[in-house]
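Chemist: this one's structure only:
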């Protein structure tokens, strides 16, 4: 662990691209907020698959090591910079972060923070920003899902998957999902009409049987090119495919890039003429690339926080790890052991 003079904080640093062991606990000076900024004393930080891809060197546009991961935090404002009202101090907040969340403290623009709902723990608040905004964009903003439609949520047991279940339930849509068989009872309890085991060769035929051959109106799919091709075949007329994340990139370094290149050989070709004649839509979602659209992000997150108050947003935290356990948290997700959110805590 590196040493820092004066008051210091802990942070988990990716020392180099590679396995979870590349995450190292280091000390750094506690940062001071500049003009228009706040300092959050982080209580909980969400762990996302995107963090794993950055650590492995497989996330397009991700920071190069040494870097601190973390796209979302929840905590308490303990200091403010110039031009920020001191009334902020002591407020409990949550925020989307542009990396840097795996630390005891985080500096962020004041307009990028929102109040944490009363009665929601810091751990559950840290499960909200990235996963629920992603689900909101996929289902509502771009997916145009309605009450009379059917959605198939690939990897329904993940953080985005469970958030999508909540959003789809709120809309009153018919919900199918894919996941490992041992997760099915929990997912049905959460709101799935049917859960399908993606490891079974005949699960796609089961989806078509469940829809009486009609197909589904929307598929959201984080699995990668081969799965996207199969998902296209499950769409009903005027159906949409929403792509987010590429879990086929989960291999490290050069191996991950080679796997991506290989998987792209099986990717569907979205020719305009075929989409036109096939009456299908295809879109992608990467919330991190929308950080400049802060008004939109805050508006969507505001709707999600309203959902917390109304009771239909139900963040599910599978497991919490201490900040020092970030490597173990990554291993846990990579082994597909989680159902819902994995969170780091600093207390």
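Modeler: Structure's in. What do you need? None of the values given here were measured: they were computed from a predicted structure.

Chemist: can you pull out the helices in the chain?
Modeler: Assigned helices in the chain, in chain order: 49-56, 122-125, 129-136, 159-171, 184-190, 203-210, 225-232, 253-264, 272-278, 294-310, 326-334 (criterion: DSSP state H).

Chemist: helices or strands next to the third one in the packing?
Modeler: With contacts defined as 3 or more CB pairs under 8 Å, 6 or more residues apart in numbering; DSSP states H and E, helix 129-136 has these neighbours: strand 37-47, strand 92-96, helix 159-171, helix 294-310. Just so you know, the C-beta spots here come from the backbone N, C-alpha and C atoms, and that holds for glycine as well.

Chemist: adding mean neighbour count, distance to residue 147 and mean pLDDT, write the ones you listed out as a markdown table.
Modeler: A markdown table is the format used below for these (neighbours: other CB atoms under 10 Å; distance: least, CB to CB, whole Å; pLDDT from 0 to 100):
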| stretch | mean neighbour count | distance to residue 147 | mean pLDDT |
| --- | --- | --- | --- |
| strand 37-47 | 25 | 30 | 98 |
| strand 92-96 | 23 | 29 | 97 |
| helix 159-171 | 25 | 6 | 98 |
| helix 294-310 | 16 | 16 | 96 |
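
Chemist: hmm, residue 172 is touching residue 147, no?
Modeler: Yes: assessed by CB atoms under 8 Å, residue 172 is found in contact with residue 147 at 3.9 Å.

Chemist: ok, back up a step: would you single out the least confident of the helices of the chain?
Modeler: Mean pLDDT is lowest for helix 253-264 among those, at a mean of 57.

Chemist: who's more crowded, residue 172 and residue 147?
Modeler: Neighbour count, other CB atoms under 10 Å: between residue 172 and residue 147, residue 172 has more, with 12 against 9.

Chemist: now the more buried one: how far from residue 57?
Modeler: Distance of residue 172 to residue 57, given as CB to CB, to the nearest Å: 42 Å.

Chemist: over to residue 68?
Modeler: Distance, residue 68 to residue 57, by CB to CB: 16 Å.

Chemist: burial count for the residue lying closest to residue 159 once chain neighbours are set aside?
Modeler: Closest residue in space to residue 159, ignoring its immediate chain neighbours: residue 131 at 4.2 Å, by CB to CB, 6 or more residues apart in numbering. Neighbours of residue 131 under the rule other CB under 10 Å: 27.
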